[in-house]
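Asker: give the three-dimensional model of this entry:
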Amino acid sequence: MVNNGNPQTPSAGVNRAGLAWKTCAGCGGKIADRFLLYTMDTYWHSRCLKCSCCHAQLGEIGTSCYTKSGMILCRNDYIRLFGNSGACSACGQSIPASELVMRAQGNVYHLKCFTCATCRNRLVPGDRFHYINGSLFCEHDRPTSLINGHLNPLQSNPLLSDQKVC
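Answerer: Modelled structure (predicted):
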């Protein structure tokens, strides 16, 4: 977006030409640059609007940004963290943007749907689990018939909710 100095927008002061300054939501400084970005009802220096995960300057890598859980994200990190379908892999229902999710092997789940396929107990952050042919199993209910080289290895990292990833 070009800084056209429209005086109808909120300002932090007035420049030499009598045009309103915009205040950057990122650094709080005046935006005197020729170009500025406008997103989420706020103005940004192009150098200040960055992805919360990879720190890429969003004005340089595309024309859109994504927000969720207080983060501003580039498209790649949004998809990496929250999946691209917007639907739970277990129940198929949509997942609201404000809801926390769990992930396994690129699939996204409601917290309540992230359960063992055998005992139906909910898997929570810190639990160890197995992901086999699209199904989740707690460590206790791991199918033993698949151990001879066909079982995916036990997840080596504890389970994390997407809010804590980055």
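Asker: pull the longest helix from the chain.
Answerer: helix 75-82 (DSSP state H).
Asker: helices and strands around that helix, which ones?
Answerer: When contacts are defined as 3 or more Cβ pairs under 8 Å, 6 or more residues apart in numbering; DSSP states H and E, helix 75-82 packs onto strand 66-68. Using the backbone N, CA and C atoms, a C-beta is placed for each residue, glycine as well.
Asker: what's the mean pLDDT across the strand it packs on?
Answerer: If you average the pLDDT over strand 66-68, you get 84.
Asker: and the next helix or strand after that strand, average pLDDT?
Answerer: Downstream of strand 66-68, the next assigned helix or strand under DSSP states H and E is strand 71-73. The pLDDT scores in strand 71-73 average 89.
Asker: direction included, what does strand 71-73 pair against?
Answerer: strand 66-68 (antiparallel) (DSSP bridges).
Asker: buried stuff in the partner strand?
Answerer: 66, 68 (16 or more other Cβ atoms under 10 Å).
Asker: and for that strand, what's in contact with it?
Answerer: 40, 72, 73, 74, 75, 78, 81, 82, 97, 98 (Cβ atoms under 8 Å, 6 or more residues apart in numbering).
Asker: turn those into a markdown table, columns for neighbour count.
Answerer: Shown next, in a markdown table, are those (neighbours: other Cβ atoms under 10 Å):
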| residue | neighbour count |
| --- | --- |
| 40 | 10 |
| 72 | 21 |
| 73 | 24 |
| 74 | 22 |
| 75 | 15 |
| 78 | 20 |
| 81 | 21 |
| 82 | 23 |
| 97 | 11 |
| 98 | 7 |
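Asker: quick one: the strands in this structure?
Answerer: With strands called from DSSP state E, the chain shows them at 22-23, 30-31, 37-39, 42-44, 66-68, 71-73, 101-104, 107-110, 129-132, 135-138.
Asker: closest one to residue 55 among these?
Answerer: strand 71-73 (10.7 Å; Cβ to Cβ).
Asker: starting at the chain centroid, how far to that closest one?
Answerer: Chain-centre distance of strand 71-73: 6 Å, with Cα atoms, centre = their mean, to the nearest Å.
Asker: how about the closest residue to residue 77 other than its chain neighbours, phi and psi?
Answerer: What sits nearest to residue 77 in space, not counting adjacent residues and going by Cβ to Cβ, 6 or more residues apart in numbering, is residue 53, at 4.2 Å. When read as degrees, to the nearest 10, the backbone of residue 53 gives phi -100, psi -60.
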